[in-house]
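>>> Whatever this is, show me its structure:
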Amino acid sequence: MYDVITFGSATEDVYLKSKKFFPIPCKNLTGGRGICFNLGSKIEVENAFLFSGGGGTNTAVTFTKQGFKVAYCGAVGDDFLGNSLVKELEGEKIDVSLVKRIKGKLTNISLILAYPGKDRTILLYRGASDNLRKDDISWNKIKETKWIYLAPFSGELVGLTEYLVNFAKKNNIKIALNPGYNQLTLPKKTLEKILRKIDVLILNQEEASLLTGIPYKMEKEIFKKIDGLTEGICIMTKGKDGVVVSDGKYLYYADSLGKKAIDSTGAGDSFGAGFVSGIIKTKDIVSAVQFGIANSVSNIKKFGAKEGLLNINKSFPKIKVKKEIK
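Numbering: from 1, shown residues only. The predicted structure follows:
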């Protein structure tokens, strides 16, 4: 029996940091800025790092560090990077028997271009992870878990979302869902059926706004609508501004710890898995929020989506959580 099985991508993240990546204004880009370097030149970088990433494997590592029995269900390429990633998960005592190796596809790769003191740009190759199909999954093993954690899906995986949720519900498995854009833009009726069965729903501000059609600053209105879509716990993360959580009756507000991010790549995964770890252990939202934030803050102080994650015996600062009736 597993405590948690995680689903989602498995990637290798390559970080390149250079003062020769220039941020420039550009009206044609959504964010109004772009990144620039000389065309046709050999560009020197000051730092380069290689870490594993991907929502499915990132969250699995938080759960195993908290003492849970964990399996990761996903796909990697039948290549060096995929073999390396699987060995790393095994080293973390994560069951990899549910990992599918996809022939003819490379393991997912993220190339992260970082300019010192500025934001980063990610070039993403969606490879093997997006090609996991229903027939690739050992469903008898999936039955043997208390929770499933669904990180953002894309590609073939998106179509599996409803099936996974229905399977879990039928087998009395608790469900945590951190949906990505492709899941949030599923047909309305399909998405509503999924959300009604979720125990913990984790969104960032942009995702909450996309789901509800309400500007993200209108928090109470957003939660009023989301509470009508699901009976589970609803979370909206706000980056450096903290988090808001609803249990249907109360809203819980918490600020971040105010720590400067070295690398925010795994922040959402470390908070989400940290929060669910707290719920499993204590069944208390305040404690879960405190641990989720502490786990995320510890993570963003280092390069790498799995670096700095808190171990089971690691103490952490417990921030104030404000609770108010809705």
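>>> Mind giving me the packing neighbours of the helix or strand harbouring Asn166?
Under the criterion of DSSP states H and E, Asn166 resides in helix 161-170. Contact analysis of helix 161-170 by 3 or more C-beta pairs under 8 Å, 6 or more residues apart in numbering; DSSP states H and E lists helix 139-142, strand 145-150, strand 174-177, helix 188-195 as its packing neighbours. Bear in mind the C-beta positions are built from the backbone N, C-alpha and C, glycine included.
>>> So, low pLDDT: which residues of the stretch 201-326 of the chain?
Across the stretch 201-326 of the chain, nothing is flagged by pLDDT under 70.
>>> Break down it into its helices, ranges please.
Per DSSP state H, counting those that start in this stretch, the stretch 201-326 of the chain carries helices over the ranges 205-212, 219-227, 267-282, 285-300.
>>> Can I get these in a markdown table including distance to Cys26 and mean neighbour count?
Converted to a markdown table, the helices of the stretch 201-326 of the chain look like this (distance: least, C-beta to C-beta, whole Å; neighbours: other C-beta atoms under 10 Å):
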| stretch | distance to Cys26 | mean neighbour count |
| --- | --- | --- |
| helix 205-212 | 20 | 19 |
| helix 219-227 | 31 | 17 |
| helix 267-282 | 26 | 25 |
| helix 285-300 | 27 | 24 |
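>>> among those, which is nearest Met1?
Set against Met1 and scored by C-beta to C-beta, the helices of the stretch 201-326 of the chain come closest in helix 267-282, at 13.5 Å.
>>> how much does the closest one deviate in direction from helix 205-212?
Taking axes from the mean of the first three to the mean of the last three C-alpha atoms, to 10 degrees, one finds helix 267-282 and helix 205-212 inclined to each other by 80 degrees.
>>> which element is Asp3 on?
Element membership for Asp3 (DSSP H and E) is strand 2-7.
>>> That strand: partners in the sheet, and parallel or antiparallel?
Here strand 2-7 has these sheet partners by DSSP bridges: strand 70-77 (parallel), strand 145-150 (parallel).
>>> what angle sits between that strand and helix 161-170?
Using the same axes, to 10 degrees: strand 2-7 against helix 161-170 is 170 degrees.
>>> now strand 2-7: mean pLDDT?
When pLDDT is averaged over strand 2-7, the result is 98.
>>> next SSE after it?
That would be, after strand 2-7 and using DSSP H and E, strand 11-17.
>>> Find the nearest non-adjacent residue to the most centrally placed residue in the chain, please.
Residue closest to the mean C-alpha point of the chain, counted by C-alpha atoms, centre = their mean, is Asp269 at 3.3 Å. In this structure, Asp269 finds its nearest non-sequential neighbour in Asn58, 3.9 Å apart by C-beta to C-beta, 6 or more residues apart in numbering.
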